[in-house]
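J.: sharing a model prediction with you, sequence too.
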Amino acid sequence: MPRLDAAAVAVFEHVLARGALPRYPLDVPSDLGLSTEEAERACHTLLRLRLLRTVPGSPDELMAVSPDAAAAEAVGPLEARLARSAAHAQSVRDDLRSLMPRYRATRHEQGRREGIDSLPDLAAVSALLAQHSARCREEVFTIQPGGGRPPHRLGDAIERDLAMLDRGVRMRTLYQHPARSNLATQGYVETLTAAGAEYRTAAELPDRAIVFDRSVAFLPRRSDGGSGEGAVLVRDPDVVAYLCRVFEQHWSAADPFLGSSGAAYKEVGHSLRRTLVRLLVEGAKDEVIARRMGMSLRTCRRHIAELLEELGAESRFQGGALAERAGLAAPDEPAQEALGPDA
């Protein structure tokens, strides 16, 4: 479709003012400043744009047409084609989008099969832990929040862990500080440390995790308020890499598990105290503090009472304020960054 130019506009205005224009020969006045060829091209443009048409009953004359009528005649078919094309495009889009529920369902199922497996109970977890322990060749790390581990769990694990150490597997485990006072955990740690394992403790830790060879991880099931007795087996590389970085960060800031002596527990007293003060300042309840610090509620309340007495505080609120004023709630010095690209 041609576009209007100055020559076409001049011819249109001339025909509009005159009422009609003889077509053969073309009668265009010289004052329009157009040559015969330019005037012919202008008429051709106006005819194609439907702005000129032959006079009814006089085919040798041209008359001007309303621009609105010309637009309806010239652009209407184009708009109709565009509307049909848009309708077709929307139809194709709707057909393609109708497959999205199937696509999402299939991808979700593939992700579940390929990247995540849900293990419903302890028996299934133990069986797969034994399998991946036997396959482990380079490294295993574990995060074990809470206090000491139950003796029967340690008994089940010690033979499996010694076998990995015998194969040259590097084994690192993070506990919380209260694990230092648990006799069964102390004995387990001493035995495995002698065989080459490494243990550290921290005041706070995230949830449980076991990662083998930086390729597969066991996490507790927590969705829908789950107790965590089952597990989720994760193979997704990005998720496992994230867990590795979380572990390395906590490991770099943790304290070595020095053994079963009372002095070893005193080594982390400042960390326990600082964490307790911080949680009090935050207004956390006793149950929350006990859970986050990995100790029993009774032990937690004993520590709180001792701290309040030492500060001379008559309430938890006053104790938190006094501790903050004394600088006891200030964070520890940041640990050296341990999250390099290969962490």
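T.: Arrived safely.

J.: by mean pLDDT, point me to the weakest helix or strand of the chain.
T.: helix 262-266 (a mean of 49; mean pLDDT, DSSP states H and E).

J.: tell me the helix or strand right after that one.
T.: Next helix or strand after helix 262-266 toward the C-terminus (DSSP states H and E): helix 269-281.

J.: who does that next one touch, helix- and strand-wise?
T.: Contacts defined by 3 or more C-beta pairs under 8 Å, 6 or more residues apart in numbering; DSSP states H and E place helix 269-281 against helix 286-293, helix 297-311, helix 316-325. In short, each C-beta sits where N, CA and C put it, glycine included.

J.: want to throw those helices into a markdown table with distance to Gln249?
T.: What follows is the helices and strands packed on helix 269-281, written out as a markdown table (distance: least, C-beta to C-beta, whole Å):
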| stretch | distance to Gln249 |
| --- | --- |
| helix 286-293 | 17 |
| helix 297-311 | 25 |
| helix 316-325 | 26 |
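
J.: nearest to Ser118, out of those?
T.: helix 286-293 (24.4 Å; C-beta to C-beta).

J.: so which bits of the longest helix out of those in the chain are buried?
T.: The single longest helix within the chain, with elements called by DSSP state H, is helix 67-97. Going by neighbour count (16 or more other C-beta atoms under 10 Å), the buried part of helix 67-97 is Ala70, Ala74.

J.: centre of the chain to it, how far?
T.: Computed by C-alpha atoms, centre = their mean, to the nearest Å, the chain-centroid distance of helix 67-97 equals 41 Å.

J.: quick check: mean pLDDT of that helix?
T.: Per-residue pLDDT over helix 67-97 has a mean of 88.

J.: what's the answer for stretch 231-241, then?
T.: For stretch 231-241, the mean confidence score works out to 90.

J.: neighbouring contacts of that stretch?
T.: 111, 114-119, 124-125, 128, 211, 214-221, 243 (C-beta atoms under 8 Å, 6 or more residues apart in numbering).

J.: helices of the protein, start to end?
T.: So, for the chain - with DSSP H - the helices run 6-18, 36-48, 67-97, 100-114, 122-135, 151-166, 183-194, 237-253, 262-266, 269-281, 286-293, 297-311, 316-325.

J.: please flag which of the contacts of stretch 231-241 sit within strands.
T.: Ile116, Asp117, Ser118, Leu119, Val211, Val216, Ala217, Phe218, Leu219, Pro220 (DSSP state E).

J.: for the stretch 51-200 of the chain, give me the ranges with low pLDDT.
T.: Across the stretch 51-200 of the chain, the ranges flagged by pLDDT under 70 are 107-114.

J.: for the nearest residue to Leu52 once chain neighbours are set aside, grab the count of nearby residues.
T.: Distances taken as C-beta to C-beta, 6 or more residues apart in numbering put Leu46 closest to Leu52, at 4.1 Å, once the chain neighbours are dropped. By the measure other C-beta atoms under 10 Å, the count of residues near Leu46 is 25.

J.: how far away is Leu46 from Gly148?
T.: 96 Å (C-beta to C-beta, to the nearest Å).

J.: what do you get for Ser133?
T.: Counting by C-beta to C-beta - Ser133 and Gly148 are separated by 21 Å.

J.: could you do Arg41 as well?
T.: 97 Å.

J.: more crowded one of those two?
T.: Comparing Arg41 with Gly148 by neighbour count (other C-beta under 10 Å), the higher total belongs to Gly148, at 22 against 17.

J.: find the nearest non-adjacent residue to that one, please.
T.: Asn182 (2.2 Å).

J.: which ones are touching that neighbour?
T.: Gly147, Gly148, Arg149.

J.: ok, Arg149 next?
T.: Ala179, Asn182, Ala184, Thr185, Tyr188.

J.: export those residues to TSV and tack on distance to Glu314?
T.: Shown next, in TSV, are those (distance: C-beta to C-beta, whole Å):
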residue	distance to Glu314
Ala179	33
Asn182	34
Ala184	39
Thr185	37
Tyr188	42
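
J.: out of these, who's the most crowded?
T.: Most crowded among those, counting by other C-beta under 10 Å, is Ala179 at 26 neighbours.

J.: isn't it up against Ile143?
T.: No: if you go by C-beta atoms under 8 Å, Ala179 and Ile143 don't touch, sitting 12.0 Å apart.

J.: what is the nearest of the contacts of Asn182 to Glu287?
T.: Gly147 (14.9 Å).

J.: how close does the closest residue to that closest one other than its chain neighbours sit to Ala127?
T.: Of all residues not flanking Gly147 in the chain, Pro178 sits nearest, at 4.3 Å (C-beta to C-beta, 6+ apart). Separation of Pro178 from Ala127 (C-beta to C-beta): 30 Å.

J.: quick one, which of these two is more surrounded?
T.: Neighbour totals were compared for Pro178 and Ala127, and Pro178 leads with 23 against 11 (other C-beta under 10 Å).

J.: of the ones in strands among the contacts of stretch 231-241, which is the most crowded?
T.: Counting by other C-beta under 10 Å, top hit in the ones in strands among the contacts of stretch 231-241: Val211 with 25 neighbours.

J.: tell me the contacts of that residue?
T.: Counting by C-beta under 8 Å, 6+ apart, Val211 has contacts Val140, Phe141, Thr142, Ala217, Phe218, Val240, Leu243, Cys244, Phe247.

J.: again, 6 Å this time
T.: Phe141, Ala217, Leu243 (C-beta atoms under 6 Å, 6 or more residues apart in numbering).
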